[in-house]
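S.K.: with the input below, show me the fold.
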Amino acid sequence: MSIDLKNLQRTLADNKVYDAWPYVLGLRDSMRNMHLSFDLAKAVYKHRKDEIEHFNQSMLQEAASAPGTKVQVTWQGMTPPFQDIAGIEVDDTVLMEKSAVDFFHYAHMSVDCVCQIVNSALFGDQAIEEEKVSSGSLHEKVATITQFGTLLNIMDNGFLNNELIYVREFDNYTKHIKINSFTISNSLFFGNKADYVLCAFSFKGNDYPEFEAITKMDTVMHEVENYIEAVLAELIIQVPNAVGTSSRHHSVSFKSQLREHDGKSYVDYIVYFLEVKNGITDLPSEISVLPLVIKPDGTIESRVLDMDTLFVTIEGQEEGGICGIAKIAPDQRKAAAYRKYTIQPASVDDFYDYLSTFKDDYANHQFRFKAMEGSIVIYKMDEEAQEKPLSQVAESEETEETQG
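M.R.: Below is the predicted model:
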């Protein structure tokens, strides 16, 4: 793809629609597999033709070396061309069929990934549920926003594109009907027959003619690439107009207290904070949270938040400025990147209640500080507490487990 994925990643992060990024990675992988399947189909097809030509030449040489001797030439006398894959001999025809099926599957998957990207990147918390996204439902959603008119036209043209329709129908046909959809045959000695054909088929009342496989896959691949690049180019322009992002938050800080004794560290508590300028009135009754930081070198780190309780506090005041508490929403979907929390008023007393039951509530919990900033307070037994900024603590993406 000619699209700058780093630029797309940063655009998604800046506009609080970073849950679209996993779909972008999925698109990258499916397009890579589409290309690999096409390259493999071409290579195996060439290998088959070369092997048959080599067999033809060897038979001619045998005949020429013994004039007057009858040389019998049949397909039975030829060892089928095969590929050695990790020690397994695979007939060329099987590999050619599999490569073509995989190609159309990954081409179809790539187009579907684009729909998921558009849905997540433009609609935030108002996005269609993943399993309900379709070309029709997405068309209706995009059509509700005037600024997305150009993108809607690009997508509609893609939905009507004959090559993209063929991709969808061929993939669905081979997945559900599961019958031989290929003709692979070659002539010996006489003729130039070297067929690698996608057979004609009918699916859901529509008829599709046969096509020469390599030519059709090449045409499809370029149409898929052109469509995806056109959609993503316009999407980058429109992401700043995304809706459903006003209650999303990326900035989460933490504070942890540890006790050191006999060379071991014991967690007293870990608390996560959402900072506000004025008070709880700065927040709506429900928010969505995904810890995310953009480092000075442009690297983006994020992670799904794994705590059911956050404290809302005035900027820079930690527990001294607590004015609210965020509790995980009852209808929260576990797979969602942005986790939903309901906001309620709270005071420092609620914070102390949280601390009093922390060890029981989170005895087996694993804590990670990735994509957060904060501080760790270390108490050494019989020594004055030392507070160290996170930058002075050895950074690690490994999980830190509670002990004791």
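S.K.: only C-alpha atoms for contact and neighbour calcs from this point on.
M.R.: Will do.
S.K.: show me where the stretch 201-350 of the chain has strands.
M.R.: Ranges of strands within the stretch 201-350 of the chain are 201-203, 206-208, 211-212, 248-249, 253-261, 264-276, 286-289, 292-294, 300-302, 309-314, 322-328, 339-345, based on DSSP state E, counting those that start in this stretch.
S.K.: and the longest one, what does it pack against?
M.R.: Other elements packing on strand 264-276 under the criterion 3 or more Cα pairs under 8 Å, 6 or more residues apart in numbering; DSSP states H and E are strand 253-261, strand 309-314, helix 348-361.
S.K.: sorry, back to before: the strands of the stretch 201-350 of the chain: which one's closest to Asp102?
M.R.: Taking Cα to Cα, strand 211-212 is the member of the strands of the stretch 201-350 of the chain nearest to Asp102, at 16.5 Å.
S.K.: packing partners for that closest one?
M.R.: Packing contacts for strand 211-212, counted by 3+ Cα pairs under 8 Å, 6+ apart, involve strand 194-198.
S.K.: what about the strand it packs on, average pLDDT?
M.R.: Along strand 194-198, the predicted confidence averages to a pLDDT of 80.
S.K.: is it possible to export the strands of the stretch 201-350 of the chain to CSV including distance to Asn7?
M.R.: CSV is the format used below for those (distance: least, Cα to Cα, whole Å):
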stretch, distance to Asn7
strand 201-203, 40
strand 206-208, 40
strand 211-212, 38
strand 248-249, 21
strand 253-261, 26
strand 264-276, 28
strand 286-289, 23
strand 292-294, 13
strand 300-302, 11
strand 309-314, 31
strand 322-328, 32
strand 339-345, 25
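S.K.: which stretch among those strands comes nearest Val118?
M.R.: Of those, the one closest to Val118 (Cα to Cα) turns out to be strand 248-249, at 17.9 Å.
S.K.: centre of the chain to the closest one, how far?
M.R.: Average the C-alpha atoms of strand 248-249, do the same for its chain, and the two points are 21 Å apart (Cα atoms, centre = their mean, to the nearest Å).
S.K.: kindly report the same for stretch 261-278.
M.R.: For stretch 261-278, the distance between its averaged C-alpha position and the chain's averaged C-alpha position is 33 Å (Cα atoms, centre = their mean).
S.K.: picking up where we left off before, most tightly surrounded among the helices and strands packed on strand 264-276?
M.R.: For the helices and strands packed on strand 264-276, ranked by mean neighbour count under the definition mean count of other Cα atoms under 10 Å, the leader is strand 309-314 at a mean of 24.
S.K.: who are the packing partners of that strand?
M.R.: In terms of contacts (3+ Cα pairs under 8 Å, 6+ apart), strand 309-314 is packed against strand 264-276, strand 322-328.
S.K.: about what we covered before: need the winner for burial among the strands of the stretch 201-350 of the chain.
M.R.: Mean neighbour counts were compared across the strands of the stretch 201-350 of the chain using mean count of other Cα under 10 Å; the top stretch is strand 309-314, at a mean of 24.
S.K.: dump the strands of the stretch 201-350 of the chain to a markdown table, plus mean pLDDT and distance to Ala43.
M.R.: Formatted as a markdown table, the strands of the stretch 201-350 of the chain follow (pLDDT from 0 to 100; distance: least, Cα to Cα, whole Å):
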| stretch | mean pLDDT | distance to Ala43 |
| --- | --- | --- |
| strand 201-203 | 88 | 26 |
| strand 206-208 | 92 | 26 |
| strand 211-212 | 92 | 15 |
| strand 248-249 | 96 | 49 |
| strand 253-261 | 87 | 53 |
| strand 264-276 | 89 | 55 |
| strand 286-289 | 96 | 48 |
| strand 292-294 | 95 | 43 |
| strand 300-302 | 95 | 39 |
| strand 309-314 | 96 | 56 |
| strand 322-328 | 96 | 53 |
| strand 339-345 | 96 | 47 |
